[in-house]
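Asker: Fold the stuff below for me.
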Amino acid sequence: MAQKVGLTLAEQFVRYALDIGALELVPEGRPLKSKRLSPYFFNSGLFDTGDRMVNITTAYGNAIRRHFRSAEGTRFDLLYGPPYKGTILVPAIAMNLDQHLLAQGSATRFCSSRKEAKEHGEGGLLIGSPIKPGNRVLIVDDVITDGGTKREAVEFITNKQHNGILVGLMIAFDRQERGKGELSAVQEFEKEYEVPVRAVATLTDLISVLEKSEVEGEIRMLEKILAYQKQYGVS
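Answerer: As a prediction, this is how the structure comes out:
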């Protein structure tokens with residue numbers, strides 16, 4: 001992902017996602033689970049080559065170092081990726097983080113889980129590094145919609161078998177959009193679990209990129225996205 005002059009790291013990620021179609025602008029609207037017709041759609045499944053994975057995990061790594069490994073950030077011991085997209089993301093993100101920490105001799109532990117317990121071999125649900133009692137765990141996933149998958153992840157991390165401690169959630173894209181009430185899914189999760197949720201990029205970053213764009217189709221879509229934000233957006 002070549003650096004774009006005048007764009008923040010979040011905006012550079014948005015620009016790259018637009019260029020590969022992972023952030024799709026949809027004039028006719030894309031139906032969401034909420035039944036709303038959204039003029040844009042983020043699909044992390046299109047980060048589907050080695051090169052694209054390098055780009056998305058670099059973006060995650062930058063954001064995690066800024067929000068969860070800076071002097072003021074929240075310390076964590078372990079990355080957890082919910083199945084299935086999180087399962088793919090966390091090993092690559094751990095590799096990116098460790099490439100920047102080799103001089104400190106630090107290694108980033110990571111794990112995921114199965115949907116159903118394995119009854120042979122090593123058995124159980126957990127894949128990867130064990131969650132030990134008291135481990136501080138950062139969940140990593142692509143997006144948060146209604147929060148259901150993330151709540152399952154919290155239960156897995158904090159159950160009696162693992163006794164881990166949830167310290168935050170890192171996602172790729174925050175739609176900054178109301179759920180059933182006045183809060184967004186991100187805000188509801190933060191309120192329920194009293195931990196920070198951070199995103200590589202947000203709807204605000206998408207709007208900023210489109211405002212700077214010279215691509216005619218993107219300029220036309222800006223008005224639709226601003227109208228959608230006015231109707232469904234949150235602060």
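Asker: Can I get stretch 198-213 in PDB? Just the C-alpha atoms.
Answerer: The C-alpha coordinates for stretch 198-213 follow below in PDB (Å, rounded to 0.1, in the frame of the first residue of the first chain):
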ATOM      1  CA  ARG A 198     -10.900   1.000  18.100                       C
ATOM      2  CA  ALA A 199     -11.000   0.800  14.300                       C
ATOM      3  CA  VAL A 200      -8.400   1.000  11.600                       C
ATOM      4  CA  ALA A 201     -10.700   3.400   9.700                       C
ATOM      5  CA  THR A 202     -14.300   4.800  10.100                       C
ATOM      6  CA  LEU A 203     -17.100   6.300   8.000                       C
ATOM      7  CA  THR A 204     -15.600   9.700   8.900                       C
ATOM      8  CA  ASP A 205     -12.400   8.600   7.100                       C
ATOM      9  CA  LEU A 206     -14.300   7.400   4.100                       C
ATOM     10  CA  ILE A 207     -16.100  10.700   3.800                       C
ATOM     11  CA  SER A 208     -12.800  12.600   4.100                       C
ATOM     12  CA  VAL A 209     -11.200  10.500   1.300                       C
ATOM     13  CA  LEU A 210     -14.200  11.100  -1.000                       C
ATOM     14  CA  GLU A 211     -14.100  14.800  -0.300                       C
ATOM     15  CA  LYS A 212     -10.500  14.800  -1.500                       C
ATOM     16  CA  SER A 213     -11.200  12.500  -4.500                       C
END
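Asker: Identify the residues contacting it?
Answerer: Contacts of stretch 198-213 from elsewhere in the structure, counted by C-beta atoms under 8 Å, 6 or more residues apart in numbering, are 6-8, 10-11, 13-15, 17-18, 23, 40, 56, 59-60, 62-63, 67-68, 168-177, 186, 218-219, 221-222, 225-226, 229, 233. In this view, the C-beta of every residue, glycine as well, is placed from N, C-alpha and C.
Asker: Swap in 6 Å and give it another go.
Answerer: Residues outside stretch 198-213 that contact it (C-beta atoms under 6 Å, 6 or more residues apart in numbering): 10-11, 13-15, 59, 63, 67, 170-176, 218-219, 222.
Asker: chain center to that stretch, what's the gap?
Answerer: On the basis of C-alpha atoms, centre = their mean, to the nearest Å, stretch 198-213 sits 15 Å off its chain's mean C-alpha point.
Asker: From the contact counts, what lies against the biggest helix by length in the chain?
Answerer: Counting residues, the longest helix in the chain under DSSP state H turns out to be helix 50-68. Helices and strands touching helix 50-68, as assessed by 3 or more C-beta pairs under 6 Å, 6 or more residues apart in numbering; DSSP states H and E, comprise helix 9-20, helix 85-99, strand 197-202.
Asker: Fine by me, we can end here.
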